[in-house]
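*Asks:* Provide a 3D model corresponding to the input given below.
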Amino acid sequence: MRMKLFLPLLAAMTIATAAQAKTLVFCSEGSPEGFDPGLYTSGTTFDVTARSVFNQLVEFDRGTTNIVPGLAESWTISDDGLTYTFKLRKGVKFHSVEGFKPTRDFNADDVIFSFMRQKDKTNPWYSYAPGTTWDYFDSMSMPEFFKGVEKVDDYTVKILLTQPQSPMLANLGMPFASILSAEFAESLKAAGKMDQLNQVPVGTGPFKFVGYQKDAVVRFAANPDYYEGKSPLDSLIFAITPDASVRYQKLKAGECQAMAYPNPADLAAMRADPKLQVLEQEGLNVGYLAYNTTQAPFDNVKVRKALNLAINKESIMAAVYQGAGKIAKNPLPPTIWSYNEKTVDDKYDPEAAKKLLAEAGVKDLKMKVWAMPVQRPYNPNARRMAELIQADFAKVGVTVEIVSYEWAEYLKISKEKNRDGAVLLGWTGDNGDPDNFLAVLLGCAAVGNSNLAQWCYKPFDDLTRKATLVSDKAERTKLYEEAQLIFKDQAPWATIAHSVRFQPLAKSVKNFKIDPLGGHLFYGVDLAD
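*Replies:* Predicted coordinates:
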């Protein structure tokens, strides 16, 4: 059932093409890891899945972090916070793809399928493909407090919890909570092709999947039956272009109308180009260097603190961010509530770093620093950043080997518990809640998944878990502020930067809104005639 793809050459995909039909070409930065959003945590993958093909029960109003109805028209929460009852939208159609045409509308069975495959280890879809892992579901401790989903009737479901969770509603608007077609899954199971669920996405969203040419292009068509109305765009194409300079050249040539993650050095020229527009917004993100705290000598907090003291962040800001970022001291961005202003950052002090390394008994340390092969909103040039860190560490007697992998492989290997060295990565918040940074990236449940430092520290974990059990925002804030102090004291990361988000577009693009949660959203976007 592998999809066939028939596309004109991208070189011929100019604005003139859009005169025949409204086709927006987006020069994206990397290839999707797959097409089942429940399996991944990468924004690159979410852009072509959860944000284009699928819907969630609740969603974020475009351009904001405000929760609005999605596939659920309304909901109620029990007084004890353990039962969420959702009234589902009627008349919502799933997409048709080659080899599958739905025979029914979206209903409660699809909600149960989408969540229970991630929860129930006996479910046939729990391990439906080699290497199947539910990284986001697991990293958020959902197996612990997500009891299950009950069907009241075809258009009413109850989500049951074992304990209250303050961020729960926002969590349900995230990509991992996308609703898939249970009928499509059953058809694949009957055909012995269960692995196709991660290759051919069938959702209810504004765009229907047409095909994928690996590492080259993903093609979508507007969903004419979308419950909120057909997109102004007739088709949407992701032209996978890892090099930012090449993306810029394609944008200037009219081969794409939008591009991801520009080089900071190109922004002035982009702003001066009468054919382009550049939107900008402070990002809800953090870029960091994560040490593997389970591996010697990085299991020693003195070594981690020493390396943090050796990093010249001012130099990184000048060379890598070029005015488009600010130094990070906390694992939370300053744009999110509960950010602790009182934490004190590790100052650049090579001599103090040498002293701490000596106290730890570490000499002639050799280590790897991993550099991402793609640009991300929190890091415009990981390779350059790694080179600067390499030079800084050399000044304190530490020899660095810079390593990298293809993006999907980089993400996969970086999560392994026995991974060596330190990894450059980062995070853009997915729901506007501090829990989405502190627990998802640093909690014990996330070790082996999105906690790349493999750091399980009970005093920190206890605070973040307690914060999800209380509804009072002021009390939650105090707990998160204390957790940030512990993080800074234990130094599982070197916090590097928070960046500004820039979005270059052709002047013909109308109604694009920067997503504060880091995505690229094309429903509601239009092209001038």
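
*Asks:* what helices and strands are in contact with the longest strand seen in the chain?
*Replies:* Longest strand in the chain, counting residues (DSSP state E): strand 493-506. Helices and strands touching strand 493-506, by 3 or more CB pairs under 8 Å, 6 or more residues apart in numbering; DSSP states H and E, are helix 244-253, strand 258-259, strand 276-282, strand 285-291, helix 313-316, strand 325-327, strand 422-428. No exception for glycine: its C-beta is placed from N, CA and C like everyone else's.

*Asks:* tell me how far the second one lies from the chain's centre.
*Replies:* Translated: strand 258-259. Distance, stretch centre to chain centre, for strand 258-259: 18 Å (CA atoms, centre = their mean, to the nearest Å).

*Asks:* among the helices and strands packed on strand 493-506, which comes closest to Leu441?
*Replies:* Closest of those to Leu441 is strand 422-428, at 5.8 Å (criterion: CB to CB).

*Asks:* does anything pack onto the very next helix or strand once past the closest one? Which helices or strands?
*Replies:* Using DSSP states H and E, the next helix or strand after strand 422-428 towards the C-terminus is helix 435-442. On a contact count with 3+ CB pairs under 8 Å, 6+ apart, helix 435-442 meets helix 135-139, strand 422-428, helix 458-469, helix 473-490.

*Asks:* highest mean neighbour count out of the ones you listed?
*Replies:* Comparing the helices and strands packed on helix 435-442 by mean neighbour count (mean count of other CB atoms under 10 Å), strand 422-428 ranks first with a mean of 25.

*Asks:* can you give me how far stretch 84-97 is from the chain middle?
*Replies:* Centre to centre, stretch against its chain (CA atoms, centre = their mean), the figure for stretch 84-97 is 25 Å.

*Asks:* and the end-to-end length of it?
*Replies:* 33 Å (CA to CA, to the nearest Å).

*Asks:* in that stretch, what counts as buried?
*Replies:* Using 16 or more other CB atoms under 10 Å as the test for burial, stretch 84-97 gives Tyr84, Thr85, Phe86, Lys87, Leu88, Arg89, Val92, Phe94, His95, Val97.

*Asks:* give me the low-pLDDT residue ranges for the stretch 101-250 of the chain?
*Replies:* Within the stretch 101-250 of the chain, not a single segment meets pLDDT under 70.

*Asks:* can you map out the strands along it?
*Replies:* 146-153, 156-161, 207-213, 217-222, 235-240 (DSSP state E, counting those that start in this stretch).

*Asks:* Ala494 is in contact with Ala306, isn't it?
*Replies:* No - assessed by CB atoms under 8 Å, Ala494 is found out of contact with Ala306, at 10.7 Å.

*Asks:* who has more neighbours, the two?
*Replies:* Ala306 (29 against 23; other CB atoms under 10 Å).

*Asks:* which phi and psi does that one have?
*Replies:* For Ala306, the backbone dihedrals (degrees, to the nearest 10) come out as phi -60, psi -50.

*Asks:* re earlier: closest one to Cys456 among the helices and strands packed on strand 493-506?
*Replies:* Using CB to CB, the helices and strands packed on strand 493-506 put strand 285-291 closest to Cys456, at 13.5 Å.

*Asks:* output that closest one as CSV, nothing but the C-alphas.
*Replies:* Only the C-alpha atoms of strand 285-291 are listed here, as CSV (Å, rounded to 0.1, in the frame of the first residue of the first chain):
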residue,chain,number,x,y,z
ASN,A,285,12.3,27.8,23.7
VAL,A,286,15.6,26.9,25.2
GLY,A,287,18.8,25.5,23.6
TYR,A,288,21.1,23.4,25.8
LEU,A,289,24.0,21.0,26.0
ALA,A,290,22.9,17.9,27.9
TYR,A,291,25.6,15.8,29.7
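
*Asks:* between the two ends of stretch 210-217, how far is it?
*Replies:* For stretch 210-217, the end-to-end distance is 11 Å (CA to CA).

*Asks:* pull the distance from it to the chain's centre.
*Replies:* Put simply, stretch 210-217 sits 20 Å off its chain's centre (CA atoms, centre = their mean).

*Asks:* what distance separates stretch 517-529 from the centre of its chain?
*Replies:* Put simply, stretch 517-529 sits 18 Å off its chain's centre (CA atoms, centre = their mean).

*Asks:* what does stretch 301-321 give?
*Replies:* Relative to the centre of its chain, stretch 301-321 is centred 24 Å away, using CA atoms, centre = their mean.

*Asks:* so for it, what gets flagged as buried?
*Replies:* Here stretch 301-321 shows 301-313, 316-317, 320-321 as buried, counting by 16+ other CB under 10 Å.

*Asks:* now stretch 270-281
*Replies:* Neighbour-count burial for stretch 270-281 [16+ other CB under 10 Å]: Met270, Asp273, Leu276, Gln277, Val278.

*Asks:* quick one: that stretch to chain centroid distance?
*Replies:* 25 Å.

*Asks:* dump that stretch to PDB, keeping only the CA atoms.
*Replies:* In PDB, the C-alpha atoms belonging to stretch 270-281 read as follows (Å, rounded to 0.1, in the frame of the first residue of the first chain):
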ATOM      1  CA  MET A 270      15.600  39.500   3.700                       C
ATOM      2  CA  ARG A 271      14.000  42.600   5.300                       C
ATOM      3  CA  ALA A 272      15.400  44.800   2.500                       C
ATOM      4  CA  ASP A 273      13.900  42.600  -0.200                       C
ATOM      5  CA  PRO A 274      10.700  44.100  -1.500                       C
ATOM      6  CA  LYS A 275       9.400  40.700  -2.600                       C
ATOM      7  CA  LEU A 276       9.700  39.300   1.000                       C
ATOM      8  CA  GLN A 277       8.300  39.800   4.500                       C
ATOM      9  CA  VAL A 278       9.900  38.700   7.800                       C
ATOM     10  CA  LEU A 279       7.700  38.100  10.800                       C
ATOM     11  CA  GLU A 280       9.300  37.800  14.200                       C
ATOM     12  CA  GLN A 281       8.300  36.800  17.800                       C
END
